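[1] Predicted model and sequence follow; I will ask about them next.
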Amino acid sequence: MRDQTIFWIIISIVSFIIELLTPTFFFLSIAFAGIFAWLVSLISNSIIIEIVVFLVFFFIFFYFLRPVLYKNKKDKFNSELLIGQSFYANADIDDKQGTIIINGSLWQARSENSQFINKGEKVSIVRIDGNKLIVTKEI
């Protein structure tokens, strides 16, 4: 085997391993491009052609495949997924302060529209303002 062939195999394997550790799809693009460069290295003796093929396929995968893969990931932060869900007030909640326990974590909360919510009442999360959940009393 020629040195270039081994080089492209190593680039692809290392990139796949890094992608497994840091799922950003950046290193996946490098790995796929490395595979195409490796295939070209089997039939070509020109490192220039292999590098051009690598760069072309890297940009194709990075600019076209990466956005498609990212669409399948959730676009929201975990806290944003709480909007619309219902929980029970851990303490009295007014328009300035209060708390809710969600999955064992204590969250700061305030009521919307100056409502007063008693401890133990069911609330619905309307939105997130900074690090506070804005809630309304659920009827």
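    Structure received.
[2] Model confidence for Arg66, exactly?
    Arg66 carries a pLDDT value of 69.
[3] just for this protein, where's the confidence low?
    Where the chain drops to pLDDT under 70, the residues are 1, 23, 66, 69-79.
[4] which residue of it sits farthest from its center?
    Relative to the centre of the chain, the most outlying C-alpha is that of Asn45, 40.3 Å out, by CA atoms, centre = their mean.
[5] Asp3 versus that one, what's the distance?
    To Asp3, Asn45 is 11 Å away according to CB to CB, to the nearest Å. Yep, even glycine has a C-beta here, placed from its N, CA and C like the rest.
[6] Check the secondary structure at the residue farthest from the centre of the chain for me.
    Following DSSP: H, G, I helix; E, B strand; the rest coil, the label given to Asn45 is coil.
[7] Please, where are all the helices along this structure?
    Secondary structure of the chain by DSSP state H: the helices cover 3-21, 26-43, 47-60, 66-71.
[8] Point out the most buried one among the ones you listed.
    Of all the helices of the chain, helix 26-43 has the most neighbours on average by mean count of other CB atoms under 10 Å, namely a mean of 19.
[9] who wins for proximity to Ser86 among the helices of the chain?
    helix 66-71 (28.9 Å; CB to CB).
[10] Touching, Phe27 and Ser12? I think so.
    No - assessed by CB atoms under 8 Å, Phe27 is found out of contact with Ser12, at 10.0 Å.
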